[in-house]
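Participant: quick one, what's the 3D model for this:
(one chain, ligands or ions: 3)
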Amino acid sequence: MGLEKRSRSKLWAPLVLGLSSLAALFPPVVHGSQAQELGAERPNILIIVTDDQRSHGTLAVMPRTKEFFQDRGVSFTNAVATTPLCCPSRTSILTGLYAHNHNVRENSATATANFNPQLSLQRYLDQAGYQTGLFGKFLNHWDLSQNPEYFDRWSVFNYGYWKSQFNVDGVQQTVYQYSTDFVASQARAFLEGTETADDAPWFMYVAPFAPHLPARPKPLYKSAAVPELERNPATFEQDLSDKPPYVANRQEPIADIERRRAKQLRTLMSVEDLIADVAETMNVHNEASETLAFFMSDNGFLWGEHGLWAKGVPYTDSTEIPVLMRWPGHVASGTVDDRLAANIDIAPTVLDAAGLAPSPPMDGRSLLGGDERERVLLEMFGSKRYGGLQWSSTRSEAGGYQYVENYDPETGARFVEYYDLGADPFQLTNLLADGFPLNDPDTAPLSAQLLQDMHCSAGSCP
Ligand SMILES: [Ca+2]
Ligand SMILES: [Ca+2]
Ligand SMILES: [Ca+2]
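Facilitator: Ligands and ions are numbered 1, 2, ... in the order given. You can find the predicted model right below:
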């Protein structure tokens, strides 16, 4: 029985541990029985990615997500998007690479054309015999006449809550249903479909558009109560003389922030329904316990911190993302992990769990081991739509520091920032522009290290 189920057409078994070195471009074909043996213990993989959901203050409206993921898994309280912008981050999630290595550096059709499916998680898993499905947003400006490679089933779209254009298994169509609900129904159908080949593990990537702007909750949640905006010391920071000019120039009125934020939270209520649906379907088919599952966002968002309503900036709530991981029997329930984790760690973690080794190696590291990084590289390449912001930054472990170099592409000028995250966790005082030279850190080694990290690859990456 199992033999037949494994005899899928795509049983290349790539990069199984120990077979990896020369197999990068032309992985060896492994006989079905061998692949079956190798895959016998492989978990199903579920990755749910929301769009622009910041870490702080958003899970409050998602009790069922917390119940399924947080109460029965691990919460990474110090997780970041290495490039806090949709398309580069989504590519990092799927490839385990920093943006300077996967080369999808901004949100544009040109950038998306740089996406190399050979380096992706879906390729490794598909070739290892997984049943693969993609439901929701894939990469910004994805050409809907194109089918995403290495997925067996898909419903892909680019944006919107109502009347969105989708490519459903190769057929382009307008979907009139609320997009999050449609994505949920497609995900459920995929899960049910995998039951017909129950021995083969599945990989499902689910990416609703919520809570991306313009956030449009469905009528059921249009007036739903949301918790009040929790202000932190960075909310409406008064003295911005230490910040780069673009910060002082982009101050957002509080009323607008409150209104848009409430809508964002209401769109997440439909993601709650999606997750409840997926969780229930998994439970009914007895899959939940055999699945390594992630809930995460592609980037954070500032809700008035430093006066900004923005993503793509180097500050904490723009770069921090929620990352929840569950895998019953393999990771402890209801625990917190405060290691510096990143979007680039998801793919290596999945491959680690599946017993597959990527070739070439990825930049991120498996979260299943005890591996701990001291710092992470954050990088932004100047998407025009986000004010042309170009910066690179080093963020250390919690309580350490963040160093930022902002680059002006026109003049070549730099604006540098340094925050002592132990003494100043809300980044109120850039020690390099506070008017007191005596407390300035030595930027020479910081700058040298940053430059090195900006060109890192795999083992040399932070
Ligand atoms: Ca995003
Ligand atoms: Ca300040
Ligand atoms: Ca100073």
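Participant: packing partners of the lengthiest helix in the chain?
Facilitator: Secondary structure of the chain per DSSP state H: the longest helix is helix 254-284. In terms of contacts (3 or more CB pairs under 8 Å, 6 or more residues apart in numbering; DSSP states H and E), helix 254-284 is packed against strand 44-50, helix 63-65, helix 179-194, strand 309-310. Placement of C-beta: from N, CA and C, glycine included.
Participant: write out the residues of the stretch 351-462 of the chain neighbouring ligand 3.
Facilitator: Counting by CB under 5 Å from the ion, the stretch 351-462 of the chain comes close to ligand 3 at L431, D434, F436, N439, D440.
Participant: secondary structure class for F166?
Facilitator: The local conformation at F166, judged by DSSP: H, G, I helix; E, B strand; the rest coil, is strand.
Participant: next, count neighbours for it.
Facilitator: Neighbourhood size, F166 [other CB atoms under 10 Å]: 23.
Participant: quick check: it touching Y159?
Facilitator: No: counting by CB atoms under 8 Å, F166 stays clear of Y159, with 11.1 Å between them.
Participant: low pLDDT regions in the stretch 351-462 of the chain?
Facilitator: 383-387 (pLDDT under 70).
Participant: go again with 90.
Facilitator: Within the stretch 351-462 of the chain, the segments meeting pLDDT under 90 span 369, 382-389, 398-399, 408-413.
Participant: going by proximity to ligand 2, name the top residue of it.
Facilitator: L428 (4.6 Å; CB to the ion).
Participant: and the helices in the stretch 51-200 of the chain?
Facilitator: For the stretch 51-200 of the chain, helices defined by DSSP state H, counting those that start in this stretch occupy the ranges 63-65, 86-95, 99-102, 109-112, 121-127, 179-194.
Participant: show me which residues of the first one are buried.
Facilitator: Okay, so that is helix 63-65. T65 (16 or more other CB atoms under 10 Å).
Participant: quick check: end-to-end length of stretch 357-366?
Facilitator: End-to-end span of stretch 357-366 (CA to CA, to the nearest Å): 11 Å.
Participant: got the buried residues for that stretch?
Facilitator: The neighbour-count check on stretch 357-366 (16+ other CB under 10 Å) flags A357, P358, S359, M362, D363, G364, R365, S366 as buried.
Participant: can you tell me which of those residues is closest to Y418?
Facilitator: Distances from Y418 to the buried residues of stretch 357-366, taken as CB to CB, are shortest for D363 (24.6 Å).
Participant: doesn't H455 make contact with the closest one?
Facilitator: No: counting by CB under 8 Å, H455 is not a contact partner of D363; they are 11.7 Å apart.
Participant: lowest-pLDDT helix or strand in the chain?
Facilitator: None of the helices or strands of the chain scores lower by mean pLDDT, DSSP states H and E than helix 2-6, at a mean of 32.
Participant: once you drop chain neighbours, what's closest to the residue nearest to the spatial centre of the chain?
Facilitator: In the chain, the residue lying closest to the centroid (CA atoms, centre = their mean) is D298, at 3.5 Å. Of all residues not flanking D298 in the chain, S89 sits nearest, at 4.2 Å (CB to CB, 6 or more residues apart in numbering).
Participant: my guess is the one you found meets A79, correct?
Facilitator: No: the pair S89 and A79 does not pass the contact test of CB under 8 Å, sitting 11.8 Å apart.
Participant: which neighbours do these two share?
Facilitator: N343 (CB atoms under 8 Å, 6 or more residues apart in numbering).
Participant: quick one: contacts for the residue of the stretch 101-250 of the chain found nearest ligand 1?
Facilitator: Residue of the stretch 101-250 of the chain nearest ligand 1, by CB to the ion: H212 (6.2 Å). H212 sits next to D51, D52, C86, Y159, T267 when contact means CB under 8 Å, 6+ apart.
Participant: interface residues of this structure facing ligand 3?
Facilitator: Proximity of the chain to ligand 3, by CB under 5 Å from the ion, involves residues L431, D434, F436, N439, D440.
Participant: top of the residues you listed by neighbour count?
Facilitator: Ranking the residues of the chain next to ligand 3 using other CB under 10 Å puts L431 first, with 21 neighbours.
Participant: that one contacts Y419, doesn't it?
Facilitator: Yes: counting by CB under 8 Å, L431 touches Y419, with 7.2 Å between them.
Participant: low-confidence stretches in the stretch 201-350 of the chain?
Facilitator: For the stretch 201-350 of the chain, counting by pLDDT under 90, the residues that fall below are 236, 245-246, 248-252, 286-289.
Participant: most remote residue from the chain's center?
Facilitator: L438 (39.1 Å).
Participant: and it, how far is that from V226?
Facilitator: 45 Å (CB to CB, to the nearest Å).
Participant: tell me, how many residues neighbour the residue in the chain that ligand 1 sits nearest to?
Facilitator: At 3.5 Å from ligand 1, C86 is the closest residue in the chain, using CB to the ion. Neighbourhood size, C86 [other CB under 10 Å]: 25.
Participant: ok, now the one 10 residues further on?
Facilitator: By other CB under 10 Å, 30 other residues sit near G96.
Participant: make sure it is actually in contact with L356.
Facilitator: No: using CB under 8 Å, G96 is not in contact with L356, being 11.7 Å away.
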